[in-house]
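Chemist: got a predicted structure here, sequence first:
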Amino acid sequence: MSTQKPRLLSGDTPTGRLHLGHWVGSVENRVALQDAYDCYFLIANTHAFTTRMDRPDEIRQSVLDIATDWLAAGIDPKRSTLFIQSEVPVIAELTFFFSMLLSYPRVMRNPTIKDEIRDKGLGENYPFGFLLYPIGQVADILAFRADIVPVGEDQIPHLEMTREVARRFNQLYCGVDSHTEDKDYLTQGGLFPVVDVLLGRTRRLAGIGAPGPDGNLLKMSKSLNNAIFLSDDADAIAKKVKAMYTDPKRLKATDPGTVENNPLWIFHETFNPDKAWVAEAEAKYREGGIGDMECKKRLVEVLVALIEPIQQRRLVFEKDPGQVLEVLREGTAKANTVAGETLRLAKKAMRQDYF
Ligand code: ATP
Ligand code: MG
């Protein structure tokens, strides 16, 4: 039975469509682990409101888009549970209790929060709820008592908070000794496993645009207009690769070029299966022995080979949004059963089981 398997939870915020960063950071692992784990995939629509509370229609459309992307990418609803965060109220209930287990300075120390405030241009007047979303994410994970969470690098601080909350809850309410090793919390009577993080083969894929003000390339992100999407067709991919940021000091094929911090080569190294070609072409690029156009043409071929089958499958699901919603409806019902049991046990541990 699938319930005997260890549990995996992961998800995406419906702020746009899935891109190559999601693929290498998390989705590729999710697709591959569907048999080994009891998988739960959540669409974090509540969290989309932290930055787009004024655009509910867009969030609604993105929920469908993400689910469609998942199905196209190979997430299989027969094996995995796909669900919508806001429709599992237990997550919101647990968020409140868990927010008592982390101090305010601890939440503010989370470096991903600081990066997001900067990169998304949130300024000083971001909503209070924005600070709450990492704790919401703790609740997403613990509501399912997940053992493992496949994510990109930016999620490590949130996962560390999840581990802290699990330890603290188990110590405070389940009587587990604070010297217990992470792997032993359940056998010592704890309710929540201390989750493991599974990073993708690329922890943080850069976007196709120029570096940010600090000189570093920005993370590929739905919100930063620097993404190649899993739903892009061959023409769109070719256009984006053509316009992609490369070495700005290199004006012609005979100029020596820099490979480091150059999206053209980051993408070849990440996605091109022909490692020998990449090594040889990089050496030529450094010496001014190969043109950008040739390298970009190769990259388009590589990306189209990866994305086109997904994009083609997507066209089929796009035509039947009713089917996609039905998958979410069934998944959400199952998610509510599992999360409901967690809340019952959590309240019992917290001595708030009255009736
Ligand atoms: P937003 O810009 O709205 O925050 P996002 O593009 O960062 O969107 P999320 O939904 O926040 O996407 O992230 C979903 C998952 O994909 C997370 O596990 C995240 O770490 C991973 N991920 C997102 N972008 C990248 C990337 N560029 N490289 C590696 N992993 C990524
Ligand atoms: Mg993000």
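Modeler: Structure's in. What do you need? Ligands and ions are numbered 1, 2, ... in the order given.
Chemist: so who does the residue in the stretch 51-200 of the chain that ligand 1 sits nearest to touch?
Modeler: Among all residues of the stretch 51-200 of the chain, residue 152 sits closest to ligand 1, at 2.3 Å; criterion: CB to the nearest ligand atom. The way it works is simple: take the backbone N, C-alpha and C, and place the C-beta from them, glycine included. Shown in contact with residue 152 (CB atoms under 8 Å, 6 or more residues apart in numbering): 21, 22, 25, 26, 199, 200, 203, 204, 205, 219.
Chemist: and residue 10, by the same measure?
Modeler: 26, 30, 39, 40, 41, 42, 149, 150, 151.
Chemist: among the contacts of residue 152, which lie within strands?
Modeler: Those of these mapping onto strands are residue 199, per DSSP state E.
Chemist: residue 228 versus the residue of the stretch 251-355 of the chain with the smallest separation from ligand 1, what's the distance?
Modeler: Nearest residue of the stretch 251-355 of the chain to ligand 1, counting by CB to the nearest ligand atom: residue 270, 9.7 Å away. For residue 270, the distance to residue 228 equals 11 Å [CB to CB, to the nearest Å].
Chemist: which one of those two has more residues nearby?
Modeler: residue 228 (24 against 17; other CB atoms under 10 Å).
Chemist: export the contacts of residue 152 as a markdown table, with columns for pLDDT and neighbour count.
Modeler: A markdown table is the format used below for the contacts of residue 152 (pLDDT from 0 to 100; neighbours: other CB atoms under 10 Å):
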| residue | pLDDT | neighbour count |
| --- | --- | --- |
| 21 | 95 | 25 |
| 22 | 95 | 26 |
| 25 | 91 | 26 |
| 26 | 92 | 23 |
| 199 | 92 | 17 |
| 200 | 90 | 21 |
| 203 | 89 | 15 |
| 204 | 93 | 16 |
| 205 | 96 | 27 |
| 219 | 92 | 22 |
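Chemist: select from the contacts of residue 152 every entry located in helices.
Modeler: 21, 22 (DSSP state H).
Chemist: sorry, back to before: so who does the residue nearest to the residue of the stretch 51-200 of the chain closest to ligand 1 when sequence neighbours are not counted touch?
Modeler: The shortest distance from residue 152 to any non-neighbouring residue, by CB to CB, 6 or more residues apart in numbering, is to residue 25 (3.1 Å). For residue 25, the contacting residues are 151, 152, 153, 199, 200, 202, 203, 204, 205, by CB under 8 Å, 6+ apart.
Chemist: closest to residue 326 out of the residues you listed?
Modeler: Set against residue 326, the nearest of those by CB to CB is residue 151 (27.6 Å).
Chemist: isn't that closest one right up against residue 162?
Modeler: No - counting by CB atoms under 8 Å, residue 151 does not reach residue 162; the two are 10.6 Å apart.
Chemist: give me the more crowded residue out of those two.
Modeler: Using other CB under 10 Å, the more surrounded residue of residue 151 and residue 162 is residue 162, with 26 against 22.
Chemist: quick one: the more buried one and residue 197 touch, right?
Modeler: No - applying CB under 8 Å, one finds residue 162 not in contact with residue 197, separated by 9.1 Å.
Chemist: what about residue 150, how many residues close to it?
Modeler: Neighbour number of residue 150 under other CB under 10 Å is 23.
Chemist: show me the contacts for it.
Modeler: Residue 150 touches 8, 10, 26, 29, 30, 33, 198, 199, 200, counting by CB under 8 Å, 6+ apart.
Chemist: distance between the one helix or strand residue 337 maps to and the chain's centre?
Modeler: If you go by DSSP states H and E, residue 337 is part of helix 321-349. A distance of 20 Å separates the centroid of the chain from that of helix 321-349, by CA atoms, centre = their mean, to the nearest Å.
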